[in-house]
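Colleague: Give me coordinates for this.
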Amino acid sequence: MSDPFGVIAFLHWNHDWNFFHFDDATRLRALAQLRDIGLRFIRTDILWSDVDQGVGKFDFSAYDSWIPRLREFGLEPLILLHYNKAKSASDGTGLWNQPPDSFEEFAGYVHATVRRYRSSVSHWEIWNEPNHPMYWAGPPDGLALYIRLLKLARTAAKDADPACRVLNGGITGEIVRDVTSFYANGGGPLTDALNIHTFINPLEPGRRENFDGVLAGVKKTMAEHGDAAKRIWITEMGCPGIPAGHPKQKWFQGEPMTEDQQADWLDTQYDWAAEHPEIERLFWAFYRDTDGIFKDATDYLGIVRNDLTPKPAFRRLAERIRRGK
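Modeller: Residues are numbered from 1 along each chain as shown. Next up, the predicted model:
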């Protein structure tokens, strides 16, 4: 597994509903910090609701100031394209996570975005966790509706940039079951790498068996569909590291995780992944603590604190990058 390191950073969070979590100055500080440790891959978003100006019309000004600069900082972006254009997460309606009314219109947004940033971005992910009702409030149809969207979106992306790589939205939760559904509904040919999210309780006794079992089940399904050569990307994995003096909130209904335990888990996850050569990338969730946005232990998933001071996990990641494994 050569250069597998990536992080998730909500670089697009410059709105009132997310407390302007990455204003322009903070974003530049963050990118410099990641550049300085030699990180290569970063996963972030271009929201449909941010750029939509009516059918076939877009305003990319909120992204033009920084998306093209990511490679100046040595970062290869994996960009999420997703969520409903009609409403934001802040208005209380929940419509932000509804499947689009028009899949063709969504594909138009994909095409326009990929065409605009094709010189800066080579990797695109279509929607986030489409098998999780929090992020895809569609029917429980075994991903069939999502796969219809993915097919149109992939065609649009490849038309805008034939050389780009397109990933499915990360499959989480019951991963083996839903990867099986993904393939059964024809999703296999629509992704250039199979994307999963392997959140595992670091404190549970069977954590290693759980991780290896997920990978074994996923590989079996891929092989059964003639897709054994395809690589796997884990674009979300992690655990919280709660700073001293903060409320000790539980994770996975277990005990609170300290910053040192978080650092140990980062090492463990990369060690385990190295034993699975089919894994090409592994992204830690998150780069930065989120300062009360989630109002639970999720706010401490970052490997830096909200003020960008490094946690032990950040230093562990920097050491691994220097070692190259």
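Colleague: what's the burial count for the residue lying closest to residue 302 once chain neighbours are set aside?
Modeller: Closest residue in space to residue 302, ignoring its immediate chain neighbours: residue 289 at 3.7 Å, by Cβ to Cβ, 6 or more residues apart in numbering. (Glycine included, C-beta is placed from N, CA and C.) Taking other Cβ atoms under 10 Å as the criterion, the count of residues near residue 289 is 26.
Colleague: so what's residue 289 up against?
Modeller: Residues near residue 289 by Cβ atoms under 8 Å, 6 or more residues apart in numbering: 299, 300, 301, 302, 304, 305, 306.
Colleague: The second one: how many residues sit nearby?
Modeller: The tally of other residues near residue 300 (other Cβ under 10 Å) stands at 28.
Colleague: May I have the residues that are in contact with the residue lying closest to it once chain neighbours are set aside?
Modeller: Once flanking residues are discounted, residue 300 sits nearest to residue 240: 3.8 Å by Cβ to Cβ, 6+ apart. By Cβ under 8 Å, 6+ apart, the contact list for residue 240 reads 249, 251, 256, 257, 262, 297, 298, 299, 300, 301.
Colleague: would you list every one of the helices in the stretch 1-150 of the chain?
Modeller: Secondary structure of the stretch 1-150 of the chain by DSSP state H, counting those that start in this stretch: the helices cover 24-36, 48-51, 61-64, 103-117, 144-160.
Colleague: distance between the fourth one and the chain's centre?
Modeller: Translated: helix 103-117. Offset of helix 103-117 from its chain centre (Cα atoms, centre = their mean, to the nearest Å): 19 Å.
Colleague: What helices and strands are in contact with it?
Modeller: helix 48-51, strand 76-82, strand 123-126, helix 144-160 (3 or more Cβ pairs under 8 Å, 6 or more residues apart in numbering; DSSP states H and E).
Colleague: That one versus strand 76-82: what angle between them?
Modeller: Helix 103-117 runs at 160 degrees relative to strand 76-82, counting by axes from the mean of the first three to the mean of the last three Cα atoms, to 10 degrees.
Colleague: how about helix 103-117: buried residues?
Modeller: By 16 or more other Cβ atoms under 10 Å, the buried positions in helix 103-117 come out as 103, 106, 107, 108, 109, 110, 111, 112, 113, 114, 116, 117.
Colleague: can you check the first one too?
Modeller: Of the residues in helix 24-36, those scored as buried under the neighbour-count criterion (16+ other Cβ under 10 Å) are 26, 27, 30, 31, 33, 34.
Colleague: Tell me the helices and strands packed up against that helix.
Modeller: Partner elements for helix 24-36 (3+ Cβ pairs under 8 Å, 6+ apart): none found.
Colleague: and if we set it to 10 Å?
Modeller: Applying 3 or more Cβ pairs under 10 Å, 6 or more residues apart in numbering; DSSP states H and E, we find helix 24-36 packed against strand 41-47, helix 312-323.
Colleague: pull the CA atoms of the first one into PDB?
Modeller: If I follow you right, that is strand 41-47. Provided in PDB are the C-alpha atoms of strand 41-47 (Å, rounded to 0.1, in the frame of the first residue of the first chain):
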ATOM      1  CA  PHE A  41      -4.800  13.200  -0.400                       C
ATOM      2  CA  ILE A  42      -7.600  15.400   1.000                       C
ATOM      3  CA  ARG A  43     -11.300  14.700   0.800                       C
ATOM      4  CA  THR A  44     -13.700  17.700   0.700                       C
ATOM      5  CA  ASP A  45     -16.900  18.800  -1.000                       C
ATOM      6  CA  ILE A  46     -18.400  21.100  -3.600                       C
ATOM      7  CA  LEU A  47     -22.100  21.300  -2.500                       C
END
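Colleague: Compute the inter-axis angle for it and strand 76-82.
Modeller: 30 degrees.
Colleague: Can you list the strands that strand 41-47 pairs with?
Modeller: Looking at strand 41-47 with DSSP bridges, its partner strands are strand 5-8 (parallel), strand 76-82 (parallel).
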